[in-house]
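Trainee: Below are the sequence and a predicted model; questions follow.
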Amino acid sequence: MNFDFDEDQRALADTVQRFVARDYTFEKRRAILDADPGWSRAVWQALADLGVLAINIDEDYGGLGYGPQETGLVMGAFGPGLLLEPYLAAAVVAPALIRRAASADFQEEWLPNIATGETIVVLADADARDAPVTEIGGNLSGRKAVVAHGGCADLLLVSARCADGSTGLFAVTPGADGVALRDYPTLDGQRAADLTLNNAPAMRLDAVGAADAIDAALDIGLAALCAEAVGIMEATVAATTEYLKTRQQFGQPIGRFQALQHRMADMLLHLEQARSMSYLAAMHCTAADPTARRRTLSAAKVTIGQACRFIAQNAVQLHGGMGMTDELIVSHWFKRLTAIEMSFGDTDFHLQRFAANLAREARAA
Amino acid sequence: MDLAFSPEENAFREEVRRFVAEKLPDGIRHKVMNGVHLNREEHVLWQRTLHARGWGGVGWPREFGGPGWTPTEQYIFEEECAAAGAPRLISFGLKMIAPVLMAFGSPAQQQRFLPKIMSAEEWWCQGYSEPGSGSDLASVKTRAVREGDHYLVNGQKTWTTLGQYADWIFCLVRTDPEAKKQSGISFLLIDMKTPGVTVRPIITLDGAHEVNEVWLEDVKVPVENRIGEENKGWTYAKFLLGHERTNIAGIGIAKRELARLKRIAAAEGRLEQPLFAARVAQVEIDLMALEITNLRVLSAEREKKAPGPEASILKIKGTEIQQAIAELMMQAVGAYALPFKQADVGPDYAANLGAGYCNLRKLSIFGGSNEIQKNIISQMIMGL
């Protein structure tokens, strides 16, 4: 057992950290955020040039063939920089899904271009509550809600309830007849879109087992999201600690006050527990047995979701009025941590799923 | 990064599991599995069983007769023992005074005391806390005055766990009342049979006799029973507190108790209630995370760092988890948690749950209260 990363892994993390420190400063990010389309094609190309868009793609298709640990390192390093570009959706989830669901021809056609940054493919999975997407005669109708980075996609992978009752996975081209995208910013500065399909042409990708493939890809995405959260929380705790050492009130640094010291200790406890679960999530997210995999990933998301909430809220609280301002990066970390807690199933969803499994195990025993 | 145990470690785990299954008497196992306090003889019997196998000196290096395990092996050993319902180790001798003797004791002291700790011929207790010195340990007032070849000791120690069983007590005493508080302390080993030593029980809220007051009145202690130098006792005391925190997370015990909670909750139909099930889920999730955190700390320790302030994280979370499990077990049986010291009402498993809940409130108080641990984290780790 060891918790160390090897030389290649450390080099990969260093590369991304250097990129964030030099090319993705808070000011540069703000300029990207304030201009259309709210993300940067040039940054995307720079990431392709660094090789990080290729890490989740097999070597056969022009990728580097790395795994969840490396993805976690990259996501953790991106974390404090609050990347606006669709890394998680397009460079983690989409390749994982294509590899599991699509034919060799489709993989051949799309994966190499994802690796080079030429093409952006994203998954549209969660249905709007009142209009689930269904397939009739090969075409799709219905609505997908808050599709992460749906607006910038060259190709959408859309899950749909098929006429035979199964879940199917379909490729849909934005701009085709009957496809409408409403693109908008989200709380954390990233982009999302609502996708409306009206008898839209679609190509079915999977033969069988789309539901399992989507689950598997989302679990890989969830582990990556956990790693991103840990990277942000680490920066947030460090910045808050530093603020407490410098901010003076009553003639002394406010970090001398025990009420605040204990709050910081609680933040560190949350951070370290979250880090542990992020490692566990990376180790289990590719496990074949979905029951065991879900158990671990739900546990991870509960731990990380609760840590996100606690650390984000208290970082703003301990920064006082300054924590409320748009000027400080702390408020932006707060918003991203909030969005993470609510993505890929929120804390209640995962706690309930884990708890329901306890009851099932008890009944089976 | 590789979170799996090595094949050798897994083989070792099997060996421990087989040993415990074969050697642990059913009566003891049944008591431990149901949260019943063990008596002195039962603790001693288990320690002697381990000693006969060559595992008496858990945590000790080979040069002192220990098995020389890595921190990970020791963790596996304690986890397996806990899971199988073996008694917890008698830590006052094995894990507290023994490391101090090894690091700072004279060869004569080492030869005199260590073998009898391992063989459970002598039971040790801890004389640190006093009525006026809890978290502020360095304020101890018990006086030791040098008179020729011995000290004359007067004062009172308290919260002395299982002092009623003890043959020896290690004490922090003040030898220089003029010096600044940390620098006037010495570390003495006192034979409990010495005239002037009186042990009085303290009955805790669960009705148990686990802790004691120890009164010291004109107790003559030979100078040769002092550890290290006079007035350097604080150094040795802090070293001991560092070692006290190894295995502080109590992962093995928490896993065993969580399994018990799940059995009781299932029998009571409580896991079908979403709110209760979610609370059990929460504590299981917290324990999963703490297990990894604990392994991370062990892994760092293996790189030859002594237990550091990270142990405070393990202490806080570990005790919170054990307390939460005890609380949920009590709540799982509802009103049958209330009959006090009655074996013949309600389901068998309910008998000790109310008292057990009460007893475990101690966890966040002893060994440095959880508030003190937060001071350590914010000051030593975060630099506030």
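Mentor: Ah, there it is.
Trainee: Only C-alpha atoms from now on, for both contacts and neighbour counts.
Mentor: Will do.
Trainee: neighbours of residue A:120, just the number please.
Mentor: 25 (other C-alpha atoms under 10 Å in any protein chain shown).
Trainee: And for residue A:41?
Mentor: Using other C-alpha under 10 Å, residue A:41 is surrounded by 14 other residues.
Trainee: likewise residue B:194?
Mentor: By other C-alpha under 10 Å, 14 other residues sit near residue B:194.
Trainee: repeat for residue A:54
Mentor: 28.
Trainee: surely it meets residue A:64?
Mentor: Yes - with contact defined as C-alpha atoms under 8 Å, residue A:54 reaches residue A:64; the gap is 5.6 Å.
Trainee: So out of everything in the stretch 101-250 of chain B, what residue is nearest chain A?
Mentor: The minimum distance from the stretch 101-250 of chain B to chain A, using C-alpha to the nearest C-alpha, falls at residue B:249 (13.0 Å).
Trainee: Quick check: closest non-adjacent residue to residue A:97.
Mentor: Excluding the flanking residues, the one nearest residue A:97 by C-alpha to C-alpha, 6 or more residues apart in numbering or on different chains is residue A:217, at 5.0 Å.
Trainee: per-domain residue ranges of the chain.
Mentor: No chain was given, so I picked chain A. A:7-115, A:121-207, A:211-364 (automatic domain parsing).
Trainee: that's the wrong chain, I meant chain B
Mentor: If you go by automatic domain parsing, the domain ranges for chain B are B:7-89, B:124-233, B:245-381.
Trainee: coming back round to it: state the helix or strand in which the residue nearest to residue A:97 lies.
Mentor: Per DSSP states H and E, residue A:217 falls inside helix A:210-246.
Trainee: Show residues contacting stretch A:181-190.
Mentor: Contacting residues not belonging to stretch A:181-190 are listed as A:33, A:38-39, A:84-85, A:149-151, A:174, A:191-196, A:332, A:335-336, A:339 [C-alpha atoms under 8 Å, 6 or more residues apart in numbering or on different chains].
Trainee: redo that, cut-off 7 Å
Mentor: Applying C-alpha atoms under 7 Å, 6 or more residues apart in numbering or on different chains, the contact partners of stretch A:181-190 are A:33, A:84, A:151, A:191-196, A:332, A:335-336, A:339.
Trainee: Now do the strands for the stretch 1-150 of chain A: every range, in order, please.
Mentor: Per DSSP state E, counting those that start in this stretch, the stretch 1-150 of chain A carries strands over the ranges A:121-124, A:134-136, A:139-148.
Trainee: again with the stretch 151-300 of chain A
Mentor: For the stretch 151-300 of chain A, the strands defined by DSSP E, counting those that start in this stretch cover A:155-161, A:167-172, A:179-185, A:191-201, A:203-204, A:248-249, A:252-253.
Trainee: Geometric centre of the chain: which residue is closest?
Mentor: Just going to use chain A. Centroid-nearest residue in chain A, with C-alpha atoms, centre = their mean: residue A:225, separated by 4.0 Å.
Trainee: actually it's chain B I care about, not the one you picked
Mentor: Geometric centre of chain B, nearest residue: residue B:91, 5.2 Å, by C-alpha atoms, centre = their mean.
Trainee: what's the distance between that one and residue B:25?
Mentor: Using C-alpha to C-alpha, to the nearest Å, residue B:91 is found at 21 Å from residue B:25.
Trainee: Please apply the same query to residue A:34.
Mentor: Counting by C-alpha to C-alpha - residue A:34 and residue B:25 are separated by 72 Å.
Trainee: More neighbours: the two, which one.
Mentor: residue B:25 (15 against 12).
Trainee: And the contacts of stretch A:181-190, which two are furthest apart?
Mentor: A:196 and A:332 (30.1 Å; C-alpha to C-alpha).
Trainee: The residue nearest to residue A:97 against residue A:95, yeah?
Mentor: No - Residue A:217 lies out of contact with residue A:95 (C-alpha atoms under 7 Å); the separation is 8.3 Å.
Trainee: quick one, which of those two is more surrounded?
Mentor: A direct count of neighbours by other C-alpha under 10 Å for residue A:217 and residue A:95 places residue A:95 higher, at 27 against 24.
Trainee: Would you mind confirming that that one makes contact with residue A:58?
Mentor: No - with contact defined as C-alpha under 7 Å, residue A:95 does not count as touching residue A:58 (9.1 Å).
Trainee: quick revisit: let me have the strands of the stretch 1-150 of chain A in CSV, extended by mean pLDDT and mean neighbour count.
Mentor: Listed next are those as CSV, based on pLDDT from 0 to 100; neighbours: other C-alpha atoms under 10 Å in any protein chain shown:
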stretch, mean pLDDT, mean neighbour count
strand A:121-124, 98, 27
strand A:134-136, 96, 20
strand A:139-148, 98, 22
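Trainee: where along the chain do the helices fall?
Mentor: Just going to use chain A. Here chain A has its helices, by DSSP state H, at A:7-23, A:26-34, A:41-50, A:68-78, A:94-101, A:104-115, A:210-246, A:258-284, A:290-318, A:329-341, A:347-364.
Trainee: actually it's chain B I care about, not the one you picked
Mentor: B:7-23, B:26-33, B:40-52, B:71-83, B:91, B:98-104, B:107-118, B:233-244, B:251-267, B:274-302, B:310-332, B:353-359, B:370-376.
Trainee: For residue A:198, which residues are in contact?
Mentor: Contacts of residue A:198 by C-alpha under 7 Å, 6+ apart are A:140, A:141, A:142, A:178, A:179.
Trainee: Check residue A:322 too.
Mentor: Residues near residue A:322 by C-alpha under 7 Å, 6+ apart: none.
Trainee: roughly how far apart are it and residue A:247?
Mentor: 11 Å.
Trainee: same check, this time on residue B:99
Mentor: Distance of residue B:99 to residue A:247, computed by C-alpha to C-alpha: 43 Å.
Trainee: now residue A:286
Mentor: Taking C-alpha to C-alpha, one finds residue A:286 at 45 Å from residue A:247.
Trainee: Compare the two (neighbour count), which wins?
Mentor: Remark: of residue A:286 and residue A:247, residue A:286 carries more neighbours, 17 against 13, as counted by other C-alpha under 10 Å.
Trainee: Looking at chain B, which strand is longest?
Mentor: In chain B, taking DSSP state E as the definition, the longest strand is strand B:209-222.
Trainee: Report all helices and strands that the worst-scoring helix or strand of chain B on mean pLDDT contacts.
Mentor: When the helices and strands of chain B are scored by mean pLDDT, DSSP states H and E, helix B:233-244 comes last with a mean of 87. In this structure, helix B:233-244 makes packing contacts with strand B:185-191, judged by 3 or more C-alpha pairs under 7 Å, 6 or more residues apart in numbering or on different chains; DSSP states H and E.
Trainee: Report the inter-axis angle for the strand it packs on versus strand B:209-222.
Mentor: Using axes from the mean of the first three to the mean of the last three C-alpha atoms, to 10 degrees, the inter-axis angle of strand B:185-191 relative to strand B:209-222 is 100 degrees.
Trainee: Give me the buried positions along strand B:185-191.
Mentor: B:185, B:186, B:187, B:188, B:189, B:190, B:191 (16 or more other C-alpha atoms under 10 Å in any protein chain shown).
Trainee: got it, and stretch B:36-50?
Mentor: Buried residues in stretch B:36-50, defined by neighbour count with 16+ other C-alpha under 10 Å: B:36, B:43, B:44, B:45, B:46, B:47, B:48, B:49, B:50.
Trainee: so where's the chain uncertain?
Mentor: Went with chain A since none was named. A:207-208 (pLDDT under 70).
Trainee: meant chain B, my bad for not saying
Mentor: B:244-246, B:304-307.
Trainee: what does it have sitting close to chain A?
Mentor: Within reach of chain A by C-alpha under 7 Å from any C-alpha of the partner chain, chain B has these residues: B:1-6, B:266, B:271-272, B:277-278, B:281, B:285, B:289-290, B:292-293, B:296, B:299, B:313, B:374-375, B:377-378, B:382, B:384.
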